[in-house]
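Peer 1: sharing a model that was predicted from the sequence below.
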Amino acid sequence: MTDTSPILMWFRRDLRLGDHAALTYAIRSGRPVIPIFIRDDIVDAQGAAPRFRLGLSLDDLDSRLSSRGSRLILRQGNALEVLRDLIAHTGAGAVYWSRLYDPDSKRRDTAVKSALKAEGIVAQSFAGHILFEPWTVETKTGGFYKVYSPFWKAVRGSELRPCLPEPKTMAAPDTWPVSDALSDWSLGADMRRGAAVIASHCVVGEVAAQRRLSNFIADKVANYKSKRDFPAASVTSGLSENLTYGEISPLACWHAGWAALNDGVGEAEHFLKEVVWREFAYHLIHHTPHIVDQNWREGWEGFSWSSNDSDAVLAWKQGRTGIPFVDAAMREMYVTGVMHNRARMIVASYLTKHMLVDWRIGRDWFADCLIDWDPASNAMGWQWVAGCGPDAAPYFRVFNPVTQAEKFDPDHDYLNRWIAEDRAHPHPDALSYFDATPIGWNLRQDAAYATPIVGLKEGRDRALATYSGYKSK
């Protein structure tokens, strides 16, 4: 007998139709497909900005599904219990999803798959969130990679499958199950007045992501290597936002980058390296899941970082450290929901080195404020800068925000865009910061600019002494 029972297509961080292996496989079966999204504890544990941005992506996905005669079913609760309820009411015989690799998602998915299979339901996971399954890339001795450069060399020449096409139509069930209303979820509630500010900077959905990639390859990738560290230059792809929610696949980025490189655009290789840097983060989070919340390197648990949420830490969060490059970057994040990669290194170094604050405090603030928050990249990036993570550079490296600004923002275009104090005609984006910040912070554009909470020489000397003293024990 031919199985005509519906398939539940469980969307998570793969909110697209094109190049979607799980969805493609479900549609090719000829059976009815019921797209679902479950708001469970893992979703609710996300910060304010990621949850807000997730809501925009879910709305876009539902519109795209509707154009193909389908719809997105929203449910809230424990994932396994929700799936069981949907199976009972729809007669579904299978559940498909794209694999995730962070510890919480892996624990959930393993439990769900085991329980459903025991109950006679087909539970099948597919690749698609990353390019290379973490267990498929090994060193010559059979282990996993702990340093990025050899990881890049190992995958650089890989031949990967073509992107899968978007489905034109999909079979619908005879009766659709009841769905929550997205508006009732209020995913952006914690953003308060900041939601309207950040929304104007979001580039949402699969079509917009594909356009963003095309424009980047056509207009920017040729200058990517030479100008990507200049935060005012606007030559980066911006695709981290879309990759976070799976609005575009990393495979689409990979093929576009290689096509440009094969066409003679040499700087495209550095874009490919950034795509693979994300892969490396997921390689590590799979093999060393403690990277999420514990020091990745052994011997760092006793390091004397401060874990107090002090007035100085609040000033760092507010972009009021008195160090212009640091403050500009923090304000960029608060207004746009993203931050330039060079700036991320500077603000992380200032917090963990000059201020000697635990990297996990920075990790958590980024997780609350970034619309491109990614569990693997965020954790690895913070540990990379703090010195306790996977990095071949010296652990005692301390970025100087002033010399970094002189090198990468020589005309102060970035600083002037994001800092309003002491400027006769502040940039509109700098003023937007005061529209986005909590009223309780009581920040005003006509206030004097902050004095440094930690002097650069003082902070550097203290950091070097602390690091050297600790490592000599």
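Peer 2: That came through fine. Numbers count the residues shown, from 1 in each chain.

Peer 1: now do the contacts for the closest residue to residue 404 other than its chain neighbours.
Peer 2: Take residue 404 and drop its neighbours on the chain: the residue closest to it by C-beta to C-beta, 6 or more residues apart in numbering is residue 346, 5.5 Å away. Every C-beta, even on glycine, is put in place using the N, C-alpha and C of the backbone. When contacts are counted by C-beta atoms under 8 Å, 6 or more residues apart in numbering, residue 346 touches 325-326, 329, 399, 401, 404.

Peer 1: what about the helices in the stretch 251-400 of the chain?
Peer 2: Under the criterion DSSP state H, counting those that start in this stretch, helices of the stretch 251-400 of the chain are mapped to 268-287, 311-318, 324-336, 341-349, 359-369, 375-386.

Peer 1: sorry, slip of the keys, the one I care about is the stretch 101-250 of the chain.
Peer 2: Remark: helices assigned in the stretch 101-250 of the chain by DSSP H, counting those that start in this stretch are 103-118, 148-155, 182-185, 194-199, 206-219, 224-227, 240-244, 250-262.

Peer 1: wait, which of these is closest to residue 291?
Peer 2: Nearest to residue 291, of all the helices of the stretch 101-250 of the chain, is helix 103-118, at 9.4 Å by C-beta to C-beta.

Peer 1: just the CA trace of stretch 115-135, in CSV.
Peer 2: The C-alpha trace of stretch 115-135 is given here as CSV (Å, rounded to 0.1, in the frame of the first residue of the first chain):
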residue,chain,number,x,y,z
ALA,A,115,10.3,8.7,21.3
LEU,A,116,8.6,9.0,17.9
LYS,A,117,10.4,6.0,16.4
ALA,A,118,9.4,3.9,19.4
GLU,A,119,5.8,4.9,18.7
GLY,A,120,6.0,3.8,15.0
ILE,A,121,6.4,7.3,13.5
VAL,A,122,9.1,8.0,11.0
ALA,A,123,11.4,10.7,12.4
GLN,A,124,14.1,11.8,10.0
SER,A,125,16.6,14.6,10.2
PHE,A,126,18.4,16.2,7.2
ALA,A,127,21.5,18.3,6.7
GLY,A,128,21.2,21.9,5.6
HIS,A,129,22.1,24.3,8.4
ILE,A,130,25.8,24.0,7.7
LEU,A,131,27.9,22.9,4.7
PHE,A,132,29.9,20.1,6.3
GLU,A,133,28.5,17.7,8.9
PRO,A,134,30.9,18.0,11.9
TRP,A,135,31.7,14.3,11.9
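
Peer 1: and that stretch, what's buried?
Peer 2: Buried residues in stretch 115-135, defined by neighbour count with 16 or more other C-beta atoms under 10 Å: 116, 121, 123, 125-126, 128-132, 134.

Peer 1: stretch 270-280 now?
Peer 2: Neighbour count says stretch 270-280 has 271-280 buried, by 16+ other C-beta under 10 Å.

Peer 1: now stretch 31-51: mean pLDDT?
Peer 2: Stretch 31-51 shows a mean pLDDT of 98 in the predicted model.

Peer 1: distance from the chain centre to that stretch, please.
Peer 2: From the chain centre to the centre of stretch 31-51 is a distance of 15 Å (C-alpha atoms, centre = their mean, to the nearest Å).

Peer 1: likewise for stretch 227-247?
Peer 2: With C-alpha atoms, centre = their mean, you get 11 Å for stretch 227-247.

Peer 1: change the start of the numbering to 127 and stick with it
Peer 2: With the count now opening at 127, the last piece we talked about shows up as stretch 353-373.

Peer 1: pull the CA atoms of it into CSV?
Peer 2: This file holds the C-alpha atoms of stretch 353-373, laid out as CSV (Å, rounded to 0.1, in the frame of the first residue of the first chain):
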residue,chain,number,x,y,z
LYS,A,353,38.0,46.9,2.8
ARG,A,354,36.1,44.4,5.0
ASP,A,355,37.8,45.7,8.2
PHE,A,356,36.7,49.2,7.6
PRO,A,357,33.3,49.5,9.4
ALA,A,358,32.2,52.6,7.5
ALA,A,359,33.0,51.0,4.1
SER,A,360,29.8,48.9,3.7
VAL,A,361,31.5,46.0,1.8
THR,A,362,30.4,43.1,4.0
SER,A,363,27.6,40.9,2.9
GLY,A,364,25.3,41.3,5.9
LEU,A,365,24.2,37.7,5.4
SER,A,366,24.8,36.7,9.0
GLU,A,367,21.3,38.0,9.8
ASN,A,368,19.7,35.7,7.1
LEU,A,369,21.9,32.7,7.8
THR,A,370,20.9,32.8,11.5
TYR,A,371,17.3,32.1,10.6
GLY,A,372,18.1,29.9,7.6
GLU,A,373,16.5,32.4,5.2
